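S.K.: kindly return the folded structure for what I paste below:
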Amino acid sequence: AKKITIEQLGLSAKIKQLKPVAGMELENINADVHASGYWQPDKFEFNLSIPSHVSVDVLVQSLSVTAKAAQVSTSKLNISGDIAQGAVVWPQLKFTTEAQLKGGKFQHPQVNAKTWFWRGKAQGSLADFAVNGELGVGSSLLVKHQVKRKDSELMLDWTVPDIFLLAANPFADSFAIWPPLLTLARGKINASGNLIVNLEKNRLIQSNTSVQLGDISGVYDTLVFQGLSSQVTIMTNENSLVFSTDKLSVNHINKGFDFGPLLAAGKYKSTWGAPMQGKLDLQRFSGSAMGGSLSTSAQQFDFSHATQKFTLELKEINLANLLKQYSSSELSGTGLLSGFVPVEINRAGISVAQGMVAAAEPGGLLQMNSVRANAMAKNQPSMKLVVDALNNFHYTALASQINYDEKGKLLLAVKLEGRNPALERGRPIHLN
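M.R.: Predicted coordinates:
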């Protein structure tokens with residue numbers, strides 16, 4: 001076979017479209033290449049002689065990724081392959097390269113990144129290759145990865161090194177699926193995982209992801225949290241996805257009341273068709289609140305139903321700490337409260353119906369200092385008795401029913417038994 005040896009080739013080319021493998025399209029190719037090599041009727045080989053540059057639009061259908069006007073630069077490239085009937089046999093094309101991609105417009109349904117780059121090494125053929133590299137998305141997110149293709153399967157192992165949330169949240173700026181009400185202010189996140197994709201069927205076969213959260217602080221809507229730490233595992237296959245954690249801890253939460261630390265563990269399983277309508281197996285939930293504790297029993301929640309219900313058990317809540325939650329409270333007191341609070345969550349919000357708490361023996365002290373109540377008591381004798389009693393009320397029994405509706409209206413039905421030593425010689429008083 002006749003062999004053509006090329007000692008120096010300068011090539012500037014414009015190619016409208018190439019489809020090297022199923023599921024990948026290269027369009028609007030502008031190349032400036034300098035190479036050496038050989039060409040003969042059944043095979044060829046080329047090597048770069050000086051660094052080269054290519055501009056190209058890349059579309060990978062299986063990953064829903066488009067990169068417009070990507071700039072490819074490489075200082076090392078070896079390409080060899082076979083020729084059959086005058087055409088390159090693309091699946092058998094072999095290559096070895098060190099390259100960098102950057103610039104252009106990166107498009108993906110769930111990515112908002114304005115800037116991106118990729119650099120790495122690749123070796124193999126289009127149907128059987130290995131790639132080691134780094135992908136930068138946005139200003140702070142770096143993904144180190146190893147990609148292997150074997151026939152129709154694409155295998156990816158990846159790692160996201162520590163991301164420190166000091167001044168900004170890189171996820172909110174980079175990903176469309178980021179919850180708009182969630183803001184992260186500090187902490188550390190890293191992650192790793194792997195996945196397998198069937199390129200011919202354009203289908204995710206399976207994936208495994210581990211996310212490490214360290215001392216995260218932030219705000220979700222009106223809920224403030226500090227010191228969130230956990231290791232979360234995410235597993236998927238063609239039909240389902242599973243989120244699980246053996247331990248999720250939060251040092252402090254504030255949503256009108258202060259809670260923390262809190263501990264939880266559980267597993268959430270759903271399908272791709274209805275990801276928000278899965279089932280949550282809550283294996284553990286407990287924590288501290290206002291000097292006492294709260295917990296709920298292990299149970300399952302089915303989010304295909306509109307309403308979720310659970311009961312919080314309260315133990316030895318410090319009444320003094322509870323009353324301090326209200327900065328303008330005109331009432332102070334001592335004692336320990338225990339009881340239960342049945343909670344219902346639906347699309348309208350959170351509600352509580354007929355919760356009950358009561359003080360432990362031997363009771364405690366209530367003291368009210370209210371200018372408004374004192375003014376009302378001057379014209380209402382029955383009100384005067386209540387105000388005078390609560391000025392220094394030593395209670396032996398305190399119980400309250402709790403009702404709270406989705407609009408934020410709280411209703412307490414309180415029963416008190418005790419006395420004020422300075423009122424009517426300390427006779428027993430019952431207040432409802």
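
S.K.: for burial, what's the neighbour tally of Tyr404?
M.R.: 19 (other Cβ atoms under 10 Å). C-beta: built from backbone N, CA, C; applies to glycine.

S.K.: that one reaches Leu411, doesn't it?
M.R.: Yes - with contact defined as Cβ atoms under 8 Å, Tyr404 and Leu411 form a contacting pair (7.3 Å).

S.K.: so what touches the lowest-mean-pLDDT helix or strand in the chain?
M.R.: The helix or strand of the chain with the lowest confidence, counting by mean pLDDT, DSSP states H and E, is strand 105-107 at a mean of 71. For strand 105-107, contacts defined as Cβ atoms under 8 Å, 6 or more residues apart in numbering pick out 65-69, 113, 116, 137.

S.K.: most widely separated two among those residues?
M.R.: Greatest spatial distance among these (Cβ to Cβ): Ala69 and Val137, at 17.2 Å.

S.K.: now stretch 39-49 - C-alpha only, CSV.
M.R.: Extracted C-alpha coordinates of stretch 39-49, given in CSV (Å, rounded to 0.1, in the frame of the first residue of the first chain):
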residue,chain,number,x,y,z
TRP,A,39,-1.5,8.5,5.6
GLN,A,40,-2.0,5.3,3.6
PRO,A,41,-5.1,3.7,2.1
ASP,A,42,-5.9,1.5,5.2
LYS,A,43,-4.6,3.5,8.2
PHE,A,44,-3.1,6.8,9.3
GLU,A,45,-1.3,8.5,12.3
PHE,A,46,-0.8,12.1,13.2
ASN,A,47,1.1,13.9,16.0
LEU,A,48,1.0,17.6,16.9
SER,A,49,4.2,19.5,16.1
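
S.K.: average pLDDT for it?
M.R.: For stretch 39-49, the mean pLDDT works out to 89.

S.K.: chain center to that stretch: distance?
M.R.: Taking the mean of its C-alpha atoms, stretch 39-49 sits 49 Å from the chain's own mean (Cα atoms, centre = their mean, to the nearest Å).

S.K.: shaky segments in the chain?
M.R.: Counting by pLDDT under 70, the ranges of the chain that qualify are 1, 21-22, 62-63, 103-104, 109, 113-114, 167-168, 327-329.

S.K.: state which helix of it is the longest.
M.R.: The longest helix of the chain (DSSP state H) is helix 381-390.

S.K.: give me the buried positions along it.
M.R.: 385-390 (16 or more other Cβ atoms under 10 Å).

S.K.: isn't Ile6 right next to Ser36, touching?
M.R.: Yes - counting by Cβ under 8 Å, Ile6 does reach Ser36; the two are 5.8 Å apart.

S.K.: shared neighbours, these two?
M.R.: With Cβ under 8 Å, 6+ apart as the test, Ile6 and Ser36 both reach Phe46.

S.K.: let me know the secondary structure of the residue minimising distance to the centre of the chain.
M.R.: In the chain, the residue lying closest to the centroid (Cα atoms, centre = their mean) is Trp178, at 7.7 Å. Secondary structure state of Trp178, per DSSP: H, G, I helix; E, B strand; the rest coil, is coil.

S.K.: for Gln110, see how far away it is.
M.R.: Distance, Trp178 to Gln110, by Cβ to Cβ, to the nearest Å: 9 Å.

S.K.: residue contacts, Ala358?
M.R.: 337-339, 397-400.

S.K.: for the closest residue to Gly364 other than its chain neighbours, the count of nearby residues, please.
M.R.: Nearest non-adjacent residue to Gly364, counting by Cβ to Cβ, 6 or more residues apart in numbering: Gly335, 2.8 Å away. Neighbourhood size, Gly335 [other Cβ under 10 Å]: 21.

S.K.: surely Gly335 and Leu319 touch.
M.R.: Yes - the pair Gly335 / Leu319 is scored as a contact, 4.3 Å apart, by Cβ under 8 Å.

S.K.: who touches both of those two?
M.R.: Taking Cβ under 8 Å, 6+ apart as the contact rule, Gly335 and Leu319 both touch 359, 364.

S.K.: please name the strands paired to the longest strand seen in the chain in the sheet, noting orientation.
M.R.: As assigned by DSSP state E, the longest strand anywhere in the chain is strand 65-84. Strand 65-84 pairs in its sheet with strand 43-48 (antiparallel), strand 52-60 (antiparallel), strand 87-88 (antiparallel), strand 94-102 (antiparallel), strand 105-107 (antiparallel), by DSSP bridges.

S.K.: and it, C-alpha only, in PDB?
M.R.: Extracted as PDB, the C-alpha positions of strand 65-84 are listed here (Å, rounded to 0.1, in the frame of the first residue of the first chain):
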ATOM      1  CA  VAL A  65     -25.000  18.900  27.800                       C
ATOM      2  CA  THR A  66     -24.300  21.500  25.100                       C
ATOM      3  CA  ALA A  67     -21.100  23.600  25.000                       C
ATOM      4  CA  LYS A  68     -21.300  26.400  22.500                       C
ATOM      5  CA  ALA A  69     -18.000  27.800  21.000                       C
ATOM      6  CA  ALA A  70     -15.800  25.700  23.300                       C
ATOM      7  CA  GLN A  71     -12.200  26.500  22.900                       C
ATOM      8  CA  VAL A  72     -10.000  23.400  22.800                       C
ATOM      9  CA  SER A  73      -6.200  23.800  23.200                       C
ATOM     10  CA  THR A  74      -3.700  21.000  23.300                       C
ATOM     11  CA  SER A  75       0.100  20.700  23.400                       C
ATOM     12  CA  LYS A  76       0.100  16.900  23.000                       C
ATOM     13  CA  LEU A  77      -2.000  14.800  20.700                       C
ATOM     14  CA  ASN A  78      -1.500  11.500  18.900                       C
ATOM     15  CA  ILE A  79      -4.300  10.200  16.600                       C
ATOM     16  CA  SER A  80      -4.300   7.000  14.700                       C
ATOM     17  CA  GLY A  81      -6.900   4.900  13.000                       C
ATOM     18  CA  ASP A  82      -8.100   2.700  10.200                       C
ATOM     19  CA  ILE A  83      -9.600   3.600   6.900                       C
ATOM     20  CA  ALA A  84     -12.200   1.500   5.100                       C
END
